[in-house]
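Novice: what would the 3D arrangement of this be:
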Amino acid sequence: MKISRVDVFAHAAPGQDMRGDQRNYVYVRISTDAGVTGWGEASCGTLAVCRMVEELGAELIGADPFRIERHWQRLYHFSHNVRGGVVHMAALSACDMALWDIKGKALGVPVYELLGGCTRDRLWCYSRFDGPDPARAVAHARREVARGYTALKADPFRQQGPHLSTAATDAAAAIVRAVREAVGPDVELLIEAHGRLTIASARRFLDAVSGTRPYLIEEPLPPEDIDGLKELRRHCPIAIAAGERTLSKWAARPLLESRLVDVIQPDPAHAGGFTELRKIAALAEAHNTWIQPHNPYGPVNTMAAAHLAATLPNFLIMELIFEPDMHQWFGQVARGDFPVPVDGHFPIPTGPGLGIDIDEAEIAKYPPVREARPSGYVRHAPLMSPQGIDWT
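Specialist: A predicted model of the protein is given here:
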């Protein structure tokens, strides 16, 4: 069996994501001369990744798809200068996923069987409690608890951009307190900050929510601020999760060796696919650290996260964007064994490979668009304000 084609597909999801953004999704299909095809995902907030896939894909034509580690090394060392950034790593990650998908399909087994088999029978996952104010966040949380979820996550910081104002921090704490009172003590609450806090504002927020017993706080400081994370770590009363923008085992190493995180969150679509995330997970296990694959993207990345999580002894919880009112298009674009959460858990997939294929005709209905907020949080704004920045 030889690789005969590498194709890349980009599309916009119908509607918007949970923050009101328009987002594109990028998939990679690797075909073989034996008729077996594999799918990967390279969604990363820029369509530049499509061109990177084309360049890397040209290196794979005519190769044996089963030699996955060899291909990973070749594609990682593709260029002296083009190495390790998110565009390069997303393209590499998608190719890696697709190769594992091919191998599983060719052998007639799910990818997790190739990775050592399952360590669990289902995957604990969380839903959301997002809302612009306490009342709407509470309504959201109650709806998800009624659906069987025992863990909920939200970004309660309504102000966009770094340097949050005191008012924004206090308002976020009010949301968390209201949700805790509404759902009771048996539902875990996860807080994500998207790297927008300072040491001072993080401490202020954590003090304000100390009575609510948050399960963890995710990416409290910008990922570049390693020294700040060390300082916050000394005084943080709850678990810290970080690493969703970590792109390799080399980047994960300082977080783990310095014991800066309790949970590390590499993204299958950004941090090297199955091949690299297995190594990050092993490094985390050696440092007594949980792993929770980052997964706010499309159905291929969700399936990759599920297959990987099923095998990991130090897996904690699965990020899952699968509420009824958003990403319902997963079922439209994914064909095959795509599980639906049951009682707050994601069932283990059973199909060969990843268990799904992408419906090319369906995604063709939604051509890619200019992303409404490509940087996520930084839009037209003044440089500084003592009361925080209005990034809207």
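
Novice: and the helices in this protein?
Specialist: Counting by DSSP state H, the segments of the chain that form helices are 48-58, 68-76, 86-107, 111-114, 134-146, 166-183, 199-208, 226-235, 249-257, 273-286, 299-311, 330-333, 360-363.

Novice: run the chain-centre distance for the third one.
Specialist: Per CA atoms, centre = their mean, to the nearest Å, the displacement of helix 86-107 from the mean C-alpha position of its chain is 16 Å.

Novice: and that helix, what's buried?
Specialist: 86-106 (16 or more other CB atoms under 10 Å). Every residue, glycine included, has its C-beta placed from N, CA and C.

Novice: just give the number of residues close to Gln292.
Specialist: 27 (other CB atoms under 10 Å).

Novice: verify the stated contact: it with Leu316.
Specialist: Yes. Look at Gln292 against Leu316 with CB atoms under 8 Å: they come within range, at 4.9 Å.

Novice: can you pull the residues that touch both of these two?
Specialist: Val263 (CB atoms under 8 Å, 6 or more residues apart in numbering).

Novice: before we move on, the earlier item: looking at the helices of the chain, which has the lowest confidence?
Specialist: Least confident of the helices of the chain, judged by mean pLDDT, is helix 330-333 with a mean of 84.

Novice: packing partners for that helix?
Specialist: Applying 3 or more CB pairs under 8 Å, 6 or more residues apart in numbering; DSSP states H and E, we find helix 330-333 packed against helix 299-311, helix 360-363.

Novice: so which of these comes closest to Arg143?
Specialist: When those are compared by CB to CB, helix 299-311 sits nearest Arg143, at 21.0 Å.

Novice: distance to Ala135 for the helices and strands packed on helix 330-333 - can I get that in TSV?
Specialist: Listed next are these as TSV, based on distance: least, CB to CB, whole Å:
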stretch	distance to Ala135
helix 299-311	31
helix 360-363	37
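
Novice: and among those, the most buried is which?
Specialist: The highest mean neighbour count among the helices and strands packed on helix 330-333, using mean count of other CB atoms under 10 Å, belongs to helix 299-311: a mean of 27.

Novice: alpha carbons of it, as CSV, please.
Specialist: Output of helix 299-311 as CSV, limited to C-alpha atoms (Å, rounded to 0.1, in the frame of the first residue of the first chain):
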residue,chain,number,x,y,z
PRO,A,299,-15.6,16.1,14.6
VAL,A,300,-12.3,14.7,13.5
ASN,A,301,-10.4,16.3,16.3
THR,A,302,-13.1,15.1,18.7
MET,A,303,-12.7,11.5,17.6
ALA,A,304,-8.9,11.8,17.8
ALA,A,305,-9.2,13.1,21.4
ALA,A,306,-11.6,10.3,22.3
HIS,A,307,-9.4,7.5,20.9
LEU,A,308,-6.4,8.9,22.6
ALA,A,309,-8.1,9.6,25.9
ALA,A,310,-9.5,6.0,26.0
THR,A,311,-6.0,4.6,26.2
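
Novice: that one versus helix 86-107: what angle between them?
Specialist: For helix 299-311 against helix 86-107, the angle by axes from the mean of the first three to the mean of the last three CA atoms, to 10 degrees is 70 degrees.

Novice: and the angle for helix 299-311 with helix 273-286?
Specialist: 40 degrees.

Novice: helices and strands around helix 299-311, which ones?
Specialist: strand 37-41, helix 111-114, strand 122-128, helix 273-286, strand 318-319, helix 330-333, strand 334-336, strand 356-358.
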